[in-house]
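Build me a model:
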Amino acid sequence: MFAFPELSKSLRQWTIRRVYTLEERLKKINFPDQSHSDTQPVEITFTLPKTVFMSEDVSSVDIKIWDKVNKCWTGDAIGGDLVYIKKDR
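Numbers count the residues shown, from 1 in each chain. Got it, this is the predicted structure:
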């Protein structure tokens, strides 16, 4: 994930923005951001291609993220309910 620089500001007919160096334009942040204890959950929705078969029983589906430190897949930061809507694919 990336943190974006602050947005430009409009004042009358002028648009004011800071000119950033290449290093300042996008700052890489870890997800989930460990520096904020009040991190809100993010809902992710995606459409499966027609070539992917999916049972309506999602109890065997497991979603993981890559842990760079331990060099393995982990589900520790994943929570919530997994919902599969067949008509939406």
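
Now do the helices in the chain.
Counting by DSSP state H, the segments of the chain that form helices are 22-25.

low-confidence ranges in it?
Regions of the chain meeting the criterion pLDDT under 70 cover residues 31-40, 88-89.

List the contacts of D57.
By CB atoms under 8 Å, 6 or more residues apart in numbering, the contact list for D57 is empty. Backbone N, C-alpha and C define where each C-beta goes, glycine included.

hang on, I meant T15
Under the criterion of CB under 8 Å, 6+ apart, the neighbours of T15 are 8-9.

Relative to E6, how far out is it?
Between T15 and E6 the distance is 13 Å, computed by CB to CB, to the nearest Å.

Also V58?
From V58 across to E6, the span is 40 Å (CB to CB).

so P41 sits right up against G80, yeah?
Yes. Taking CB atoms under 8 Å as the contact criterion, P41 and G80 are neighbours in contact, 6.4 Å apart.

Distance of the closest residue to W66 other than its chain neighbours relative to Y20?
Here the nearest residue to W66 in space, its sequence neighbours aside, is W73; by CB to CB, 6 or more residues apart in numbering that works out to 6.1 Å. Computed with CB to CB, the distance linking W73 and Y20 is 35 Å.
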